[in-house]
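[1] below is the sequence, then the predicted model.
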Amino acid sequence: MKLEAMRRADIRACVQIEKVLFAGDDPWSAYAFHSELDMGGYYLVVRTDHGEVAGYGGLAVVGGPGEYEASVHTLGVLPQYQGNGYGSALLRALLDRADSLDAPVFLEVRTDNETALALYARYGFSRIGLRKRYYQPSGADAYTMARPARSAQEVNG
């Protein structure tokens, strides 16, 4: 497996993964990925040993020094590669970026996505809220989850 910065040439594969993973909701379009890259988001892909895009993840950061906040905007791995460390590698890399800025990290995740909930819990996220009917058009609920900034983890750890 190999982590790389997302390139525009990777967007087509990411859109296809979105369609597989989020068919019942509103999968991201190519336009959405292009917009995130245009805004300077930190987006990565994970490739198989054969060079296939197996997954992707993206982190948006707002604020300035001493006041940064980060949000995991998207994270997805093709079903045939789930359970092999691809999602963990992506999430670790996103969290390393947030930690380099000492930023807390937020995200939303479907309340019924047990695999993702377990992954986020392993990396220090906790549930801080519930967003009813967050995902459309399915109407599925989402948990808002947060992970403290690195400095807060060190103080509390």
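    Arrived safely, thanks for sending. Because the structure is a prediction, the values reported are computed rather than measured.
[2] next SSE downstream of the longest helix seen in the chain?
    When every helix of the chain is counted residue by residue (DSSP state H), the longest turns out to be helix 86-100. With elements assigned by DSSP states H and E, the helix or strand that comes after helix 86-100 is strand 105-110.
[3] I'd like to know which elements that next one is packed against.
    On a contact count with 3 or more C-beta pairs under 8 Å, 6 or more residues apart in numbering; DSSP states H and E, strand 105-110 meets strand 69-77, helix 86-100, helix 114-122, strand 142-147. The C-beta positions use only the backbone N, C-alpha and C, and glycine is treated the same way.
[4] on that earlier part again, the longest helix of the chain packs against which elements?
    In terms of contacts (3+ C-beta pairs under 8 Å, 6+ apart), helix 86-100 is packed against strand 2-5, strand 42-47, strand 53-62, strand 69-77, strand 105-110, helix 114-122.
[5] apply 6 Å and report the result again.
    Packing contacts for helix 86-100, counted by 3 or more C-beta pairs under 6 Å, 6 or more residues apart in numbering; DSSP states H and E, involve strand 42-47, strand 53-62, strand 69-77.
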